[in-house]
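Enquirer: Below is the sequence, then the predicted model.
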Amino acid sequence: MLTGQATWIRDAAPSAVGWIDDVRGKPVEVTARLSRGVGLPDNLPDVLGLALRLHDNDRHADVLLSSTGIGFPFRFVLVPRRSATGATFGSLLPYRSSRGPVLICARSVPSRVLPADLEGLRRSLQEQPWQVRLYHAAPTGRWHPFADVLLRPAAEPDSAELRFDPVGHPLPGYTTYSWVRRLREPSYRAAQRGTSR
C-alpha cells in the first residue's frame, strides 16, 4: 500500500476528458496499491498492477493500470516485469472523451531501480518517494504528460476490505464506454464477493 499526492501539470496537452484536463490549484491526495498479478515469487517476472485512488472534491476515482508495452500495438499487451523499474503501467481499456477513446499510463520519472521484493521496496520508498508521471494518449497516438504522483509507503497495512473499482468509482463525467463497463463489471463483482467470505 502506498500513499501520496498528485500534482497536475499546467499547460499540458488537452485530452478532452474533463478529469484529466482540469488543472487543480492544489495537490490531490492519492491512495495506491502496487501488486503482482499472478503472485509469482519475487525473482520471477509477473504482470504488475498499479491501482490509484485519487481523492478529489469529496469523491474519489479509481484508475487501474497493468504493466504493458508503451508503443502501438504493444500498449494493449500485458508485459511481465520483475519489478516496477522501467515499467509502463497502462489502462489497456480506453476512457471516453468528446474526441474519441483515451488511454492512461504511468511511468517512473526519472527512471529508477526499485527492488522486486516487498520489504526491499518498502525500505527504498521510505528513503526516497516514488515519482510517477501520468500520461494520456489516443489509442495509436503520442503520450502526453498531465500529472505527477509522489508515492511513499502507507502507514497502515494492506487490507482486503480496500477494493479499487473503476466500475463503481469511475472518472467523473461520461468517461466510460458501456462496452468497457460490461466487460469489467463481472470480474470486479466476483472479486468483491470473494473477499466477503
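Expert: Noted; the coordinates are in hand.
Enquirer: Isn't Asp165 up against Ala61?
Expert: No. With contacts counted by CB atoms under 8 Å, Asp165 stays clear of Ala61, the gap being 10.3 Å. The way it works is simple: take the backbone N, C-alpha and C, and place the C-beta from them, glycine included.
Enquirer: What distance do you get for Gly18 to Gly173?
Expert: The gap separating Gly18 from Gly173 is 5 Å, by CB to CB, to the nearest Å.
Enquirer: give me every residue that touches the nearest residue to Asp56 once chain neighbours are set aside.
Expert: Leaving aside its chain neighbours, Asp56 sits nearest to Val28 (5.2 Å; criterion: CB to CB, 6 or more residues apart in numbering). Counting by CB atoms under 8 Å, 6 or more residues apart in numbering, Val28 touches Gln5, Ala6, Thr7, Trp8, Leu54, His55, Asp56.
Enquirer: Let me see the ranges of the helices in this protein.
Expert: Taking DSSP state H, the helices of the chain run over residues 18-21, 118-127, 178-195.
Enquirer: Any buried residues in the shortest one, and which?
Expert: Counting neighbours by 16 or more other CB atoms under 10 Å, one finds that the buried residues in helix 18-21 are Trp19, Ile20.
Enquirer: same question, the second one
Expert: Of the residues in helix 118-127, those scored as buried under the neighbour-count criterion (16+ other CB under 10 Å) are Leu121, Arg122, Ser124, Leu125.
Enquirer: could I get these as a markdown table with pLDDT and distance to Pro139?
Expert: Converted to a markdown table, the buried residues of helix 118-127 look like this (pLDDT from 0 to 100; distance: CB to CB, whole Å):
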| residue | pLDDT | distance to Pro139 |
| --- | --- | --- |
| Leu121 | 92 | 32 |
| Arg122 | 91 | 35 |
| Ser124 | 94 | 34 |
| Leu125 | 94 | 32 |
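Enquirer: before we move on, the earlier item: of the contacts of Val28, just the buried ones, PyMOL syntax please.
Expert: Entered in PyMOL, the line below selects the buried ones among those, by 16+ other CB under 10 Å:
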select buried, resi 5+6+8+54+56
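Enquirer: Let me see the ranges of the strands in this structure.
Expert: Along the chain, the segments classed as strands by DSSP state E run 2-8, 28-36, 48-56, 59-68, 88-90, 95-97, 100-108, 130-137, 144-153.
Enquirer: Out of those, the one nearest Asp42 is which?
Expert: strand 28-36 (8.1 Å; CB to CB).
Enquirer: ok, back up a step: identify the farthest-apart pair in the buried residues of helix 118-127.
Expert: By the measure CB to CB, Arg122 and Ser124 form the most distant pair in the buried residues of helix 118-127, at 7.3 Å.
Enquirer: Select from the helices of the chain the stretch with the lowest mean pLDDT.
Expert: Sorting the helices of the chain by mean pLDDT places helix 178-195 lowest, at a mean of 67.
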